[in-house]
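K.L.:
Give me a 3D structure for the following:
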Amino acid sequence: MKRAIFAGLFLGAMAVAGCAGQAVGPRAADAAADAAHAAEMTADVGKPLMTWKDLLSRPKPMPDATVRYGADALQVVDVWKPAGTGPHPAVVMIHGGCWQTGIAERDIMNWIAGDLRSHGVGVWNIEYRGVDRGGGYPGTYLDVAAAADLFALRGREYGFKTGAPVVVIGHSAGGHLTLWLARRWGLAKGDALRGDRPLKVDLAISQGGLPDLRAQTTLPDHGCGAEAAVQMARGEFARTSPPEMPKGRARELQFNNARDSIAPPSFGAAYGAEMVTTAGEGHAELIAPDTISWAKQRAVILKAFGLKDAKK
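P.N.:
Down below sits the predicted model:
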């Protein structure tokens with residue numbers, strides 16, 4: 001079934017397989033779904049797509065510290081600090097997972113966080129409450145906003161440069177939240193989602209993002225389903241869905257892979273921001289450190305900070 005195949009690709013996705021309600025994806029380690037997806041997507045292409053097992057079975061790099069921004073166990077940020085005294089440039093990072101904690105948490109990003117650290121770039125990797133853990137509207141937004149704003153307030157304590165350029169990067173549902181952060185400045189003063197001193201984003205990178213919440217609520221057969229998007233919006237599309245928010249000051253850059261069945265390039269094209277497409281790769285490749293699509297993203301990040309890719 002196509003829905004189960006999509007879910008097998010996604011970030012540990014717990015999706016409905018037919019009517020059985022079976023959990024599938026990297027957290028559930030559903031090898032059958034991964035195999036079915038690979039068979040479907042490689043029918044006319046020689047190179048197999050990366051599966052979640054390919055990524056998650058690798059040795060996992062670990063962060064240097066964890067910072068709390070709230071009382072909930074999920075209200076934390078992992079700090080990745082490059083070698084040396086600094087101050088180091090750093091990115092704010094947001095994971096995906098259909099906006100659901102049970103599907104994925106921040107450690108799904110550890111591999112690219114470790115790669116950036118090895119290239120001299122720090123990482124502020126945000127955890128947040130998903131719709132299944134007290135998030136959705138407004139909780140998830142308040143979490144992401146608080147964690148991002150904390151970067152400006154406390155990043156220097158960890159040897160990070162917190163001034164311009166401020167770069168935010170997020171995968172899948174995290175791509176939506178990244179673009180939301182980029183446009184959050186344009187919300188009305190006094191809006192709780194905006195906050196008093198919202199982080200000023202200079203570059204927002206969406207990795208196979210799901211930017212249009214309204215559109216997602218109309219796609220029940222998508223790997224994420226429609227309900228999570230409904231809970232993320234609660235009808236407040238003008239404050240939660242980037243294409244309906246005022247455009248911010250940030251440059252918005254989308255990376256979409258041609259064989260991504262969760263966030264195909266058509267999603268990026270519909271959003272309309274600048275887009276880079278990579279042929280032959282799918283959703284998982286966007287957050288794997290040895291892929292063509294990640295190399296393109298890393299090059300953009302290093303260039304934004306005036307760094308050279310010394311490890312090439």
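K.L.:
For this structure, which segments count as helices?
P.N.:
Taking DSSP state H to define them, one finds helices in the chain at 2-9, 31-41, 52-56, 110-118, 139-154, 173-184, 213-216, 227-233, 237-240, 265-271, 292-304.
K.L.:
Give me the mean pLDDT for the first one.
P.N.:
This predicted structure assigns helix 2-9 an average pLDDT of 35.
K.L.:
Quick check, Asp107 in contact with Lys60.
P.N.:
Yes: under the criterion of Cβ atoms under 8 Å, Asp107 makes contact with Lys60 at 7.0 Å. The way it works is simple: take the backbone N, C-alpha and C, and place the C-beta from them, glycine included.
K.L.:
Tell me which of those two has more neighbours.
P.N.:
Per other Cβ atoms under 10 Å, whichever of Asp107 and Lys60 has more neighbours is Asp107, with 17 against 12.
K.L.:
And the more buried one, how far from Ile169?
P.N.:
Going from Asp107 to Ile169 by Cβ to Cβ, to the nearest Å gives 16 Å.
K.L.:
Just list the residues touching Leu181, thanks.
P.N.:
Val92, Ile94, Val144, Ala145, Ala148, Val168, Leu199, Val201, Ala204 (Cβ atoms under 8 Å, 6 or more residues apart in numbering).
K.L.:
again with Gly96
P.N.:
Leu11, Ala104, Ile108, Gly170, His171, Ser172, Ala173, Gly174, Gly175, Leu210.
K.L.:
Please name the nearest non-neighbouring residue to Ala188.
P.N.:
Nearest non-adjacent residue to Ala188, counting by Cβ to Cβ, 6 or more residues apart in numbering: Arg194, 6.8 Å away.
K.L.:
Can you give me the neighbour number for the one you found?
P.N.:
17.
K.L.:
if I read this right, it contacts Trp185, doesn't it?
P.N.:
Yes: Arg194 lies in contact with Trp185 (Cβ under 8 Å); the separation is 7.3 Å.
K.L.:
ok so, going back, right, and the pair among the contacts of Gly96 with maximum separation?
P.N.:
Spatial extent of those (Cβ to Cβ) is set by the pair Ile108 and Leu210 at 15.3 Å.
K.L.:
Looking at these two, which is more packed in?
P.N.:
Comparing Ile108 with Leu210 by other Cβ under 10 Å, the one with more neighbours is Leu210, at 29 against 26.
K.L.:
Give me the spatial nearest neighbour of that one, chain neighbours excluded.
P.N.:
His176 (4.9 Å).
K.L.:
my read: the one you found touches Gly170, true?
P.N.:
Yes: with contact defined as Cβ under 8 Å, His176 counts as touching Gly170 (7.5 Å).
K.L.:
which residues are common contacts for those two?
P.N.:
Common neighbours of His176 and Gly170 (Cβ under 8 Å, 6+ apart) are Ser206, Gly209.
K.L.:
Let me know which of the helices of the chain is tucked in deepest.
P.N.:
helix 173-184 (a mean of 29; mean count of other Cβ atoms under 10 Å).
K.L.:
Let me know the average pLDDT across it.
P.N.:
98.
K.L.:
any idea which of the helices of the chain scores lowest on pLDDT?
P.N.:
The lowest average pLDDT among the helices of the chain, as it happens, falls on helix 2-9, at a mean of 35.
K.L.:
Please tell me how far Gly186 sits from Tyr271.
P.N.:
According to Cβ to Cβ, Gly186 stands 16 Å off from Tyr271.
K.L.:
try Pro89
P.N.:
Distance check for Pro89 against Tyr271: by Cβ to Cβ, it reads 27 Å.
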